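In: Requesting a structural model of the entry that follows:
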Amino acid sequence: MSLETLIINLNPALDRTAIVEKYNPYGPNKAKRIITLPGGKGQNVGRALKNLGYTNFICTGFLGGNIGEKIKEMLDQEGIPNDFFWINGETRIAYATYEETTGIGIITNEPGPEITIEEINKFINFIKAKYLTVKTVVLSGGVPPVFHLEKINELMWTFKNNNKELFIDTSNELLKSCVEISPFCLKINENELEDAFKIDINRQESLISFYLSLHKLGTEWLIITRGEKGALFISEEGILVGKHKRIHSHYAIGSGDAFMAGIIYGRAKNLNFKDILKLAMACGGANTLKFGACIFNIDDVEKIKDEIIIETVKIF
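Out: Residues are numbered from 1 along each chain as shown. Coordinates of the predicted model:
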């Protein structure tokens, strides 16, 4: 069976989460336990897909140094398919501290290594030589502090011109540049939507106008996540509004990535729009039940699916 999905994460991290009995924002916090996982949004998506029973994917991006070696080792131990390009710099660490009972806490992200233009060019050639036959390309996560965005655009356009379905889940300047590529699916949270494009999700007219401008260029799906308030799935059929009947936990690390995995899995299995949104939201909800990104239980996903409310708004 040929490889179906390529997941690109340009700035992976080793995630270290400390669980404390009572979170103290103004003083020391003593960890009861530590959860260490190979992270970054792309690897989280891969872990979530594996939990859903889908393994026809591979994670890639940049890794370097001792931290990169550790991430590679842990991904292999988890059975998450991966094939990274190695750089001279040191891969970053992301730190989090969370209160055990409430999920309240804080995240601190290192910026990541500086990647040279030579390394970027070699990475692009590395990907083109091995993965132009995939069906789906997922660009997940941000970029290190010094990065040439036009180079990743070059790579994305190569996939686009070869009729690959692009799924984009990123932020800031990379998000803005990726919109110009008109990916098949653009997943964005409501804060990023307002920050990057000045679109108020509560103003339906501007939201529809934004989608139509994307759709005219080739984007089929615009998916907007709203955290505990649910999500919107906009396609040429209209707007699906997804809501949670109840909130299980306020812990949210990796919930957006679990949601994205649900979207990718639903597309791969040719589910209808409502079932895709319901699955994605259930994955995001199940993720909140355990500390550590995307280590949810499939049984919890099935239970939470029954709690998701989907409403349809016909607009086209």
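In: mind listing the helices for the protein?
Out: 41-51, 65-78, 117-131, 149-161, 172-179, 190-197, 204-217, 255-268, 273-287, 298-305 (DSSP state H).
In: Can you say which of those is packed in most?
Out: Each of those was scored by mean neighbour count; the highest is helix 41-51, a mean of 28, by mean count of other Cβ atoms under 10 Å. Placement of C-beta: from N, CA and C, glycine included.
In: so what secondary structure elements neighbour that one?
Out: In terms of contacts (3 or more Cβ pairs under 8 Å, 6 or more residues apart in numbering; DSSP states H and E), helix 41-51 is packed against strand 5-9, strand 57-64, helix 65-78, strand 136-140, helix 255-268.
In: how about a cut-off of 7 Å?
Out: strand 5-9, strand 57-64, strand 136-140, helix 255-268 (3 or more Cβ pairs under 7 Å, 6 or more residues apart in numbering; DSSP states H and E).
In: Tell me the helices and strands packed up against the last one.
Out: Contacts defined by 3+ Cβ pairs under 7 Å, 6+ apart place helix 255-268 against helix 41-51, strand 136-140, strand 185-189, strand 221-225, helix 273-287.
In: Pipe the ones you listed into TSV and attach distance to Glu307 and mean pLDDT per row.
Out: Below are the helices and strands packed on helix 255-268 laid out as TSV (distance: least, Cβ to Cβ, whole Å; pLDDT from 0 to 100):
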stretch	distance to Glu307	mean pLDDT
helix 41-51	19	98
strand 136-140	26	98
strand 185-189	21	96
strand 221-225	17	97
helix 273-287	8	97
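In: Nearest to Ala261, out of the ones you listed?
Out: Of all those, helix 41-51 sits nearest to Ala261, with 3.4 Å by Cβ to Cβ.
In: Please tell me how far that closest one is from the chain's geometric centre.
Out: Here helix 41-51 shows a centroid-to-chain-centroid distance of 8 Å under the convention Cα atoms, centre = their mean, to the nearest Å.
In: ditto for stretch 30-45
Out: Here the centre of stretch 30-45 is set off from its chain's centre by 15 Å, with Cα atoms, centre = their mean.
In: Same question for stretch 237-251.
Out: Centroid separation between stretch 237-251 and its chain, computed with Cα atoms, centre = their mean, is 17 Å.
In: Can you give the contact residues for it?
Out: 98, 102-104, 228, 230-233, 273-274, 277-278, 281, 285, 288-289, 291, 307-316 (Cβ atoms under 7 Å, 6 or more residues apart in numbering).
In: Just the buried residues of that stretch, please?
Out: Neighbour counts over stretch 237-251 (16 or more other Cβ atoms under 10 Å) mark 239-242, 244, 248-249, 251 as buried.
In: Now pLDDT and distance to Leu6 too, for these, in JSON lines please.
Out: Output for the buried residues of stretch 237-251, formatted as JSON lines (pLDDT from 0 to 100; distance: Cβ to Cβ, whole Å):
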{"residue": "Ile239", "pLDDT": "94", "distance to Leu6": "29"}
{"residue": "Leu240", "pLDDT": "96", "distance to Leu6": "27"}
{"residue": "Val241", "pLDDT": "96", "distance to Leu6": "31"}
{"residue": "Gly242", "pLDDT": "96", "distance to Leu6": "27"}
{"residue": "His244", "pLDDT": "92", "distance to Leu6": "31"}
{"residue": "His248", "pLDDT": "77", "distance to Leu6": "32"}
{"residue": "Ser249", "pLDDT": "77", "distance to Leu6": "32"}
{"residue": "Tyr251", "pLDDT": "79", "distance to Leu6": "29"}
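In: In strands, which of those fall?
Out: 239-242, 244 (DSSP state E).
In: Can you show me the CA trace of stretch 199-207 as CSV?
Out: This file holds the C-alpha atoms of stretch 199-207, laid out as CSV (Å, rounded to 0.1, in the frame of the first residue of the first chain):
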residue,chain,number,x,y,z
ILE,A,199,-12.7,38.5,10.8
ASP,A,200,-15.1,38.5,13.7
ILE,A,201,-16.7,35.0,13.8
ASN,A,202,-19.9,36.5,15.1
ARG,A,203,-20.4,38.5,12.0
GLN,A,204,-21.8,35.9,9.6
GLU,A,205,-21.6,38.2,6.6
SER,A,206,-17.9,38.8,6.8
LEU,A,207,-17.3,35.2,7.7
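In: per-residue confidence averaged over it?
Out: Averaging pLDDT along stretch 199-207 gives 87.
In: Show the buried residues in the contacts of stretch 237-251.
Out: Counted by 16+ other Cβ under 10 Å, the contacts of stretch 237-251 give 98, 103, 228, 230-233, 273-274, 277-278, 281, 285, 288-289, 291, 308, 310 as buried.
In: What score does the residue lying closest to Asn121 once chain neighbours are set aside have for pLDDT?
Out: The shortest distance from Asn121 to any non-neighbouring residue, by Cβ to Cβ, 6 or more residues apart in numbering, is to Lys151 (7.1 Å). Listed pLDDT for Lys151 reads 91.
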